[in-house]
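1. Just to be clear, the model below is a prediction. Sequence and coordinates:
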There are 2 protein chains.
Amino acid sequence: MVAEAKNYTPLTTESLAERLVNVEAVATRLGKDSASWRVREVGDGNLNLVFIVESAISAVVVKQALPYVRLVGDSWPLPLSRSFFEYHALTRQSTRAPGTVPDIYHFDEEQALIVMEFLSPHHILRHSLQKGIRHSGLGVMLGEFCANTLFKGSDFSMDAAARKEDVALFAGNTALCDISESLVFTDPFFDAPMNRHTAPQLDEQVRQLRADTAAKIAAQTMKQVFCSNAETMLHGDLHTGSVMVHEDDAKVIDPEFVLYGPMGFDVGMLIANFVMAWCAQPGYSSESDDRGVYRQWILEVIDDIWSSFAVRFGELWRTERSGILFPATLFEAQGHDEALERALANQLDRVWVDAMGFCGCEIIRRTLGLAHIIEFDDIPDADVRARCESTGLNIGRKVLVEREDVLSMQAFLNVIKITSTSMETNA
Amino acid sequence: MVAEAKNYTPLTTESLAERLVNVEAVATRLGKDSASWRVREVGDGNLNLVFIVESAISAVVVKQALPYVRLVGDSWPLPLSRSFFEYHALTRQSTRAPGTVPDIYHFDEEQALIVMEFLSPHHILRHSLQKGIRHSGLGVMLGEFCANTLFKGSDFSMDAAARKEDVALFAGNTALCDISESLVFTDPFFDAPMNRHTAPQLDEQVRQLRADTAAKIAAQTMKQVFCSNAETMLHGDLHTGSVMVHEDDAKVIDPEFVLYGPMGFDVGMLIANFVMAWCAQPGYSSESDDRGVYRQWILEVIDDIWSSFAVRFGELWRTERSGILFPATLFEAQGHDEALERALANQLDRVWVDAMGFCGCEIIRRTLGLAHIIEFDDIPDADVRARCESTGLNIGRKVLVEREDVLSMQAFLNVIKITSTSMETNA
């Protein structure tokens, strides 16, 4: 199903034009005068080559997988097949949530290469969160993206045999699943070689967390849900570095960690990254702006993500429930519409509890594990940085372990505010 | 992966010897004098051809899939590939729980044909349950079978990539999953064409159940767990017609409904079939034997299934936890063995709650759906039969809807006894 490439060769800024000029989907957009194309390599992620290719007429993005983790080097091999899975995730997301992902122009499986829309002048959402830039409608867009993709990839919506085919297809993305399984749920909870944290300020908190058996059991329980509950096609890496924004436009990119998994994972990871951005704001306060208003906006985005998710999920539940679960024959056809509303509330509660658990894991791993976030990392004063991170860790630990008791978005927002206030009082 | 056969031809008692004499695995056992082989077709199941082939030296069983549901005829096509999935399930069960399934001598994918050990003088467990025959050690064997196969097919034990390969492999068994999805969880709860029940005696109870939105939501929630939670390789059809017994020997057969699913499904379905056998006993009471002692034995088997499952699962948890979940690096290596015991208790609680839900669905569908059990069906007096079935339905409905509140085997056994007593008082 996924052929590892015999003739695979990584692109370079020098070779790209010659190699892609005969690809019709590229030449149609950029013109055939490849000598005039300008090629820049802009991959700032951890894994891949990313080129922006511009001509006088237009521009495209070329993303090519490397056979290893770029961040680490060829000592950490990673299969090229992730490009295949990313391509198939993108085509599905584009159908399920039109307009939310880049247009795909060309896919070359052997070269592990995707040519796609150049989003311009967009930038990574994380940079906005660091600089204090607002984007109207952001939470609604992201909440609806989650609802559309998660509902429509599940047995609430899909033909059962087609869903099982996709479960089988994406089960091949083992190498990237393995990264999530280790880095999100296990490594941060013991002295794993690639971990790092702000030391010595967080040393004591790290020691406590690694001795915290309730947190470790909770994290492994969330890992079990992640590994087992193959209910829908996830983005799999839906953090604020996987969202590109410009003013009030936003697109979701980079679904190479795609897997069949639990709905709460995408939702929880997304929310966690906004919580961390909220925690990081004191690191960017100035005399003219204490970032208090911006912090409030971040909480509104978090609130919007969930409320838009719930509203859109409810619409889909009522109007596009064409899968094998909760079939109309059993409910609408029997005049039992009211029961469906109860069942919908159960579903949303279940996704919420999972989201809280995954949110906690994500905050902890982005603070103590291998992959950190720039909003924390770029805070120059280590004491300030540690205080911001520590607030995040306390929120993360609480919602992970007490996920069944954080019963609503309001309760969650209270956890955030109370944990932070208590930290600031103790500081 | 699964080739549908171009040269497939069903065997007959006449053609079998000629067609199999050149299969070495068969000739080795039966000898080459195929003219002397005695061939009987004994398939009393719903789906397949089953032959017993005997020679002067030995005997084998030949099971061949038909391209349709035998019970219904060629109006209900069913892919031959189920034989491929059964074969792969058998090889895994045989490794994970040695000695509990028939030895496999030969598999022919194109002919959808498995040649296996002839279990003699074994008979189907259901017949014992009807006749009042006890088998010592039965509950222990079945509980340990469940623990061994369910633990060892999961991320508690397997290499993660190997488990994902098996998830992908068995995801192809869609047609048989579809049967379970429809017949177990949905059809019994509305007026589906193939349903049947003892009428008119159960008419009112059927009407109530179909109006019972709590039961319908619970059944669809269990269906969702069945479809989504791909945690381990299930037998998929583990009822008392899939167990062959002779005195104190028992073997599990017929895993063609194999799928990756939730541990509680096999456990719950198995328990449900003993509960129904218990409910059916008044249908077989006589002046000399009111079946009271036999009923008590059935309850002991149910108790043994769960306690043996829990004990064996705990042993495996402590000594063979080699998968990615709850890794030793996080627990044993940190001196956190005590936390592992808490985590084990959580796991068993979760399997138990699911088992209760699936048990309820199984009882209801075997009484009101397409596939019934001989222990009920063979009770000649329709009033007596309906009372037995009605007790089962009440137990099934209660443990399905209140599965979170039936906290232990003792509580479950009390539900069985109290429901029955209350029925008999009202009768």
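-> Alright, I've got the coordinates. Keep in mind the model is a prediction, meaning the values are calculated, not measured.
2. Count the residues that sit near the nearest residue to A:L113 once chain neighbours are set aside.
-> Distances taken as C-beta to C-beta, 6 or more residues apart in numbering or on different chains put A:Q64 closest to A:L113, at 4.5 Å, once the chain neighbours are dropped. (Glycine included, C-beta is placed from N, CA and C.) Neighbouring residues of A:Q64 were enumerated by other C-beta atoms under 10 Å in any protein chain shown; the total is 22.
3. Could you list everything A:Q64 pairs with in the sheet?
-> Beta-bridge partners for A:Q64, by DSSP bridges, are A:L49, A:L113.
4. which residues touch it?
-> Under the criterion of C-beta atoms under 8 Å, 6 or more residues apart in numbering or on different chains, the contact partners of A:Q64 comprise A:10-11, A:48-51, A:83, A:111-114.
5. Try it again at 10 Å.
-> Listed by C-beta atoms under 10 Å, 6 or more residues apart in numbering or on different chains, the contact partners of A:Q64 are A:8-11, A:16, A:43, A:48-51, A:80, A:83, A:108, A:111-115.
6. report the longest helix in chain A, please.
-> As far as residue count goes, and with DSSP state H defining each element, the longest helix of chain A is helix A:337-368.
7. for the following helix or strand past that one, the distance to its chain's centre please.
-> Using DSSP states H and E, the helix or strand that follows helix A:337-368 towards the C-terminus is helix A:374-377. Distance of helix A:374-377 from its chain centroid, counting by C-alpha atoms, centre = their mean, to the nearest Å, is 17 Å.
8. for the helix or strand A:G396 falls within, what is the average pLDDT?
-> In this structure, A:G396 sits in helix A:382-401 according to DSSP H and E. Confidence over helix A:382-401, taken as the mean pLDDT, stands at 98.
9. now stretch A:51-71
-> If you average the per-residue pLDDT over stretch A:51-71, you get 94.
10. what does stretch A:301-313 give?
-> Within the predicted structure, the mean pLDDT of stretch A:301-313 is 98.
11. now stretch A:224-232
-> Confidence for stretch A:224-232, expressed as mean pLDDT, is 98.
12. Mind jotting down where the strands sit in the stretch 101-250 of chain A?
-> A:104-108, A:113-117, A:123-124, A:232-234, A:243-246, A:249-252 (DSSP state E, counting those that start in this stretch).
13. For A:D377, which non-adjacent residue is spatially closest?
-> Taking C-beta to C-beta, 6+ apart as the measure, A:D377 lies nearest to A:R385, with 7.9 Å between them; neighbours along the chain are not counted.
14. Which parts of the stretch 51-200 of chain A are helices?
-> Listed in chain order, the helices of the stretch 51-200 of chain A (DSSP state H, counting those that start in this stretch) span A:82-96, A:125-131, A:138-152, A:160-170, A:174-185.
15. Can you give me the buried ones in stretch A:373-383?
-> A:373-376, A:379 (16 or more other C-beta atoms under 10 Å in any protein chain shown).
16. I figured the residue nearest to A:D377 hits A:M276, correct?
-> No. With contact defined as C-beta atoms under 10 Å, A:R385 does not reach A:M276; the gap is 11.9 Å.
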